[in-house]
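1. can't give you the sequence, but here's the structure:
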């Protein structure tokens with residue numbers, strides 16, 4: 001049965017199941033199989049969640065691994081320790097976004113102390129139940145859920161305002177900070193007025209690269225579960241590409257500045273400042289979505305304002321610091 005729109009603000013704990021498949025991490029595979037046969041699982045969507053002696057969630061066991069592992073092996077030896085879980089403070093709407101983001105068929109619901117409280121599955125939100133053995137139907141299930149979420153976002157003005165304006169405060173804070181930074185380097189700007197002419201160009205380059213990296217990062221989060229090793233590999237690649245772009249853009253802008261003004265110091269400051277600014281913008285743009293994801297914040301609304309605000313501050317700092325050092 002589908003959840004009505006007016007229920008989307010309700011706590012997820014009201015809609016979770018308590019007949020979940022919890023297994024002890026100290027048990028063996030053989031003991032666990034016997035336990036499952038005795039307990040029975042019904043026809044619910046099943047993930048095997050491992051808990052410790054205090055009923056805290058410590059891992060999830062893939063079904064194939066549970067079936068194929070030797071009977072004497074401990075559950076703690078075969079379980080995946082990194083589990084995507086839903087905090088008990090989540091609303092139904094928050095949980096829906098997790099289903100769209102990760103495309104799992106169920107999530108464990110955990111308390112603040114890590115105790116496993118229940119399980120919430122995608123059947124609760126589907127307008128119709130598809131045969132989950134067919135991949136095409138699963139894709140249609142999540143697509144329909146995503147469409148329903150986009151429709152729900154047509155909420156009252158006050159609610160939409162509160163959800164979005166709070167993140168714009170990051171832009172306000174960054175603007176004030178940039179103004180203060182410019183004040184710190186006021187002497188440098190006065191000595192070389194040409195630097196202020198290119199301030200908009202430097203900020204624009206940083207923000208453009210930040211948005212590019214931001215988009216790539218969010219896309220990667222939708223394609224797979226974030227792993228730190230893979231994150232650093234992708235970050236390194238993004239840094240390499242952004243460094244090359246930064247050098248090329250810096251040479252073009254610095255070259256134009258020299259031809260126009262014949263000011264060697266300003267041209268060198270532009271080259272160094274733009275290179276550093278673009279590189280830092282790529283790091284910020286690629287990292288912010290991953291950080292917000294780990295904090296379970298809204299990627300789509302929060303990533304842009306936060307990343308751009310940090311990029312503006314980093315860009316101003318890099319550019320004016322380079323100018324102060326060279327001129």
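-> All right, it came through fine. Just so we're clear, the structure is a prediction, and the values are computed from it rather than from any experiment.
2. Am I right that residue 72 falls within a strand?
-> No - judged by DSSP: H, G, I helix; E, B strand; the rest coil, residue 72 forms no part of a strand; its state is coil.
3. shouldn't it be in contact with residue 28?
-> Yes - taking contacts as CB atoms under 8 Å, residue 72 lies within contact range of residue 28: 5.7 Å. No exception for glycine: its C-beta is placed from N, CA and C like everyone else's.
4. Who has more neighbours out of the two?
-> residue 28 (17 against 9; other CB atoms under 10 Å).
5. which residues touch the more buried one?
-> By CB atoms under 8 Å, 6 or more residues apart in numbering, the residues touching residue 28 are 71-75.
6. and which of those is nearest residue 238?
-> Closest approach to residue 238 among the contacts of residue 28 (CB to CB): residue 75, at 38.0 Å.
7. Any idea how many residues pack against the closest one?
-> Neighbour number of residue 75 under other CB under 10 Å is 24.
8. which ones are touching it?
-> Applying CB under 8 Å, 6+ apart, the residues near residue 75 are 23-29, 32, 50, 59, 61.
9. now the residues you listed in JSON lines, with distance to residue 190 and secondary structure?
-> As requested, the contacts of residue 75 are exported to JSON lines (distance: CB to CB, whole Å; DSSP: H, G, I helix; E, B strand; the rest coil):
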{"residue": "23", "distance to residue 190": "70", "secondary structure": "strand"}
{"residue": "24", "distance to residue 190": "71", "secondary structure": "strand"}
{"residue": "25", "distance to residue 190": "66", "secondary structure": "coil"}
{"residue": "26", "distance to residue 190": "70", "secondary structure": "coil"}
{"residue": "27", "distance to residue 190": "73", "secondary structure": "coil"}
{"residue": "28", "distance to residue 190": "75", "secondary structure": "strand"}
{"residue": "29", "distance to residue 190": "74", "secondary structure": "helix"}
{"residue": "32", "distance to residue 190": "73", "secondary structure": "helix"}
{"residue": "50", "distance to residue 190": "65", "secondary structure": "strand"}
{"residue": "59", "distance to residue 190": "61", "secondary structure": "strand"}
{"residue": "61", "distance to residue 190": "66", "secondary structure": "strand"}
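10. Just the buried ones from those residues?
-> 23-25, 27-29, 32, 50, 59, 61 (16 or more other CB atoms under 10 Å).
11. Looking at those residues, which one is closest to residue 263?
-> Of all those, residue 263 sits closest to residue 59, with 61.6 Å by CB to CB.
12. need the contact list for that closest one.
-> 25, 49-50, 75-76, 79-81, 83.
13. Skipping adjacent residues, who's closest to it in space?
-> residue 79 (3.3 Å; CB to CB, 6 or more residues apart in numbering).
14. Quick check on the one you found: phi, psi?
-> Residue 79 adopts backbone torsions of phi -80, psi 150, taken as degrees, to the nearest 10.
15. Would you enumerate the residues in contact with it?
-> 25, 50, 58-61.
16. and what of residue 111?
-> Here residue 111 is in contact with 88, 117 (CB under 8 Å, 6+ apart).
17. ok, now how distant is it from residue 99?
-> 21 Å (CB to CB, to the nearest Å).
18. what about residue 257, which SS state?
-> Three-state call for residue 257 (three-state DSSP): helix.
19. Can you list the residue ranges for helices in the stretch 151-300 of the chain?
-> 157-184, 186-191, 194-197, 199-223, 228-261, 264-294, 299-326 (DSSP state H, counting those that start in this stretch).
20. Looking at those helices, which one is packed in the most?
-> helix 264-294 (a mean of 23; mean count of other CB atoms under 10 Å).
21. Backbone dihedrals for residue 57, both of them.
-> Dihedral angles (degrees, to the nearest 10) for residue 57: phi -70, psi 120.
22. what's the distance between the closest residue to it other than its chain neighbours and residue 260?
-> In space, and not counting its chain neighbours, residue 57 is closest to residue 116: 4.4 Å by CB to CB, 6+ apart. Between residue 116 and residue 260 the computed distance is 66 Å (CB to CB).
23. just residue 175 next, same as before
-> From residue 175 to residue 260 the distance is 28 Å (CB to CB).
24. Would you map out the domains in this structure?
-> Split into domains by automatic domain parsing, the chain comes to 5-152, 160-326.
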